[in-house]
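> Give me a 3D structure for the following:
(one chain, ligands or ions: 2)
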Amino acid sequence: MVTMYYDKDADLSFLQGKTVAVVGYGSQGHAQAQNLRESGVKVIIGLRPGKSWKQAEEDGFEVVNVDEAAQRADVIQILLPDERQAQVYQDSIAPYLRAGQVLLFSHGFNIHFGQIVPPADVDVAMVAPKSPGHLVRRVYTEGGGVPGLVAVHQDATGNAKNIALAYAKGIGCTRAGVIETSFREETETDLFGEQAVLCGGVSELVKAGFETLVNAGYEPEIAYFECLHELKLIVDLMYEGGLSRMRYSISDTAEYGDYMSGPRVVTDATKAEMAKILKEIQQGQFAKNWIIENQANRPVFNAIRQSERNHPIEEVGARLREMMSWIKK
Ligand SMILES: NC(=O)C1=CN([C@@H]2O[C@H](COP(=O)(O)OP(=O)(O)OC[C@H]3O[C@@H](n4cnc5c(N)ncnc54)[C@H](OP(=O)(O)O)[C@@H]3O)[C@@H](O)[C@H]2O)C=CC1
Ligand SMILES: CC[C@](O)(C(C)=O)C(=O)O
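Numbers count the residues shown, from 1 in each chain. Ligands and ions are numbered 1, 2, ... in the order given. Below is the predicted model of the structure:
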């Protein structure tokens with residue numbers, strides 16, 4: 001049984017009088033920085049000149065280059081793309097690290113796969129929201145929070161866990177529940193989840209359903225509503241009350257079809273493939289491929305990204321969503 005941490009178990013005073021540098025102001029950076037600020041934490045943003053810099057300034061933050069952020073901060077939260085972290089760390093963070101500083105991550109990739117090796121006299125911990133960044137912010141502003149994981153890789157000060165929990169409270173995660181884990185467990189489960197289920201698995205399922213209907217002569221607009229748009233509404237019910245809540249709301253006809261046909265879609269072969277994907281993650285094969293792909297300037301990633309953007313479901317969806325003024329574009 002895991003131990004869960006909630007608001008009452010985390011003490012924001014561990015961040016009092018400290019400066020937190022949020023390095024990166026993208027999906028997670030903007031959300032974590034804004035939530036922390038509203039929780040009363042002093043935040044500066046570390047960036048290179050560019051789009052995010054302008055945005056962070058417009059949002060009222062003091063923005064400095066990463067070298068300065070690393071020198072001024074007590075706590076450095078690295079929210080750069082995983083594939084860039086090692087280089088920026090080496091050039092602009094490592095040279096300034098001093099004993100007692102805290103290095104934080106929201107994903108364990110670089111520590112677990114040995115791309116970043118911090119000195120022994122700094123704390124190294126993780127606060128990983130289990131949510132896309134934009135929802136980290138949205139749910140917090142609605143008074144809620146997204147769940148999170150904390151982990152301590154190095155505890156030089158004896159306070160690494162308290163600081164990680166305080167940070168998790170500052171961004172709203174202890175409202176929903178925080179679990180203590182290891183960098184290894186977070187890295188492997190996160191990579192598996194996004195590949196096999198949340199991003200890879202779901203995207204392929206949605207496209208396969210859409211293509212099956214369209215290839216059989218049905219209207220693409222109907223296929224879009226059926227296989228993509230309604231997915232959000234179905235998942236909302238799962239989010240609120242699990243599979244049972246979803247099955248309570250759908251018709252008994254749908255529920256019977258769910259039991260009969262679902263296992264024909266996700267078969268033993270699919271589960272065997274999932275196990276293979278997990279093994280490749282555990283053995284570092286996926287990490288190696290991703291690192292090499294970036295060193296080669298992403299030829300495979302760019303080609304697939306382009307063809308995915310041109311999938312017919314994207315064109316139909318863009319047109320249909322135009323009429324739905326309540327959906328944030
Ligand atoms: N996306 C998500 O929801 C989740 C992400 N994570 C983790 O959070 C971390 C951040 O990911 P994410 O928020 O997706 O990242 P994004 O790609 O959304 O944002 C990256 C930010 O880093 C900046 N940046 C990129 N390169 C540099 C550089 N060389 N020097 C300075 N700044 C730079 C970008 O600024 P610019 O505008 O200049 O390019 C941008 O502000 C990763 O470890 C990821 O695994 C964890 C959970 C969920
Ligand atoms: C599901 C993708 C994710 O792991 C996330 C939003 O949690 C990510 O790394 O972006």
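
> Now residue 277. Nearest residue, chain neighbours left out?
residue 196 (5.3 Å; CB to CB, 6 or more residues apart in numbering). Heads up, the C-betas are built off the backbone N, CA and C, glycines and all.

> per-residue confidence for the one you found?
At residue 196, the model reports a pLDDT of 98.

> One more: the one 3 residues further on?
pLDDT for residue 199: 98.

> That one and residue 259, how far apart?
26 Å (CB to CB, to the nearest Å).

> now swap in residue 132 and tell me
31 Å.

> When those two are compared, which one has more neighbours?
A side-by-side neighbour count of residue 132 and residue 259, using other CB atoms under 10 Å, places residue 132 first with 14 against 9.

> residues touching the more buried one, list them.
residue 27 (CB atoms under 8 Å, 6 or more residues apart in numbering).

> Count residues in the vicinity of the closest residue to ligand 1 within the stretch 201-329 of the chain, would you?
Nearest residue of the stretch 201-329 of the chain to ligand 1: residue 290, at 11.2 Å (CB to the nearest ligand atom). The tally of other residues near residue 290 (other CB under 10 Å) stands at 17.

> so who does the closest residue to it other than its chain neighbours touch?
Distance criterion CB to CB, 6+ apart; nearest residue to residue 290, sequence neighbours excluded, is residue 83 at 6.6 Å. By CB under 8 Å, 6+ apart, the contact set of residue 83 is 290, 291, 294.

> name the helices or strands packed onto the strand or helix carrying residue 35?
For residue 35, the host element (DSSP states H and E) is helix 27-38. Here helix 27-38 touches strand 19-23, strand 42-47, helix 51-58, strand 123-129, helix 133-141, helix 160-170, going by 3 or more CB pairs under 8 Å, 6 or more residues apart in numbering; DSSP states H and E.

> That one and ligand 2, any residue contact?
No: remark: helix 27-38 sits outside contact range of ligand 2, by CB under 6 Å from any ligand atom, the gap being at least 7.0 Å.

> which of the residues in that helix are buried?
Residues 27, 28, 29, 30, 31, 32, 33, 34, 35, 36, 37 are the ones in helix 27-38 that count as buried (16 or more other CB atoms under 10 Å).

> From residue 118, how far off is the fifth one?
According to CB to CB, residue 31 and residue 118 sit 24 Å apart.

> and what of the third one?
With distances defined as CB to CB, the gap from residue 29 to residue 118 amounts to 20 Å.

> Farthest from the middle of the protein: give me that residue.
Within the chain, residue 217 marks the point farthest from the mean C-alpha position, 37.4 Å out by CA atoms, centre = their mean.

> Using the three-state scheme, assign it.
coil (DSSP: H, G, I helix; E, B strand; the rest coil).

> residues contacting it?
Taking CB under 8 Å, 6+ apart, one finds nothing in contact with residue 217.

> nearest spatial neighbour of the one residue in the stretch 151-300 of the chain that gets nearest to ligand 1, skipping sequence neighbours?
Closest to ligand 1 within the stretch 151-300 of the chain is residue 190: 7.2 Å, counting by CB to the nearest ligand atom. Nearest non-adjacent residue to residue 190, counting by CB to CB, 6+ apart: residue 107, 6.1 Å away.

> Could you report the pLDDT at residue 328?
Looking at residue 328, the pLDDT reads 84.

> Could I get the phi/psi values of it?
phi -70, psi 120 (degrees, to the nearest 10).

> residues near it, how many?
By other CB under 10 Å, neighbour count at residue 328 equals 6.

> Likewise for residue 88?
Residue 88: 21 neighbours (other CB under 10 Å).

> What parts of the stretch 101-250 of the chain come near ligand 1?
106, 107, 128, 129, 132, 133.

> which residues touch the third one?
With contacts defined as CB under 8 Å, 6+ apart, the neighbours of residue 128 are 105, 106, 107, 108, 148, 149, 150, 151, 186, 190.

> Mind pulling the model confidence for it?
Residue 128 is given a pLDDT of 98.

> swap in the first one?
Residue 106 is assigned a pLDDT of 98 by the prediction.

> What distance do you get for the nearest residue to it once chain neighbours are set aside to ligand 2?
With CB to CB, 6+ apart as the criterion, residue 106 has its nearest non-adjacent residue at 4.9 Å, and that residue is residue 128. Distance of residue 128 to ligand 2, computed by CB to the nearest ligand atom, to the nearest Å: 8 Å.

> who's residue 128 bridged to?
residue 149 (DSSP bridges).
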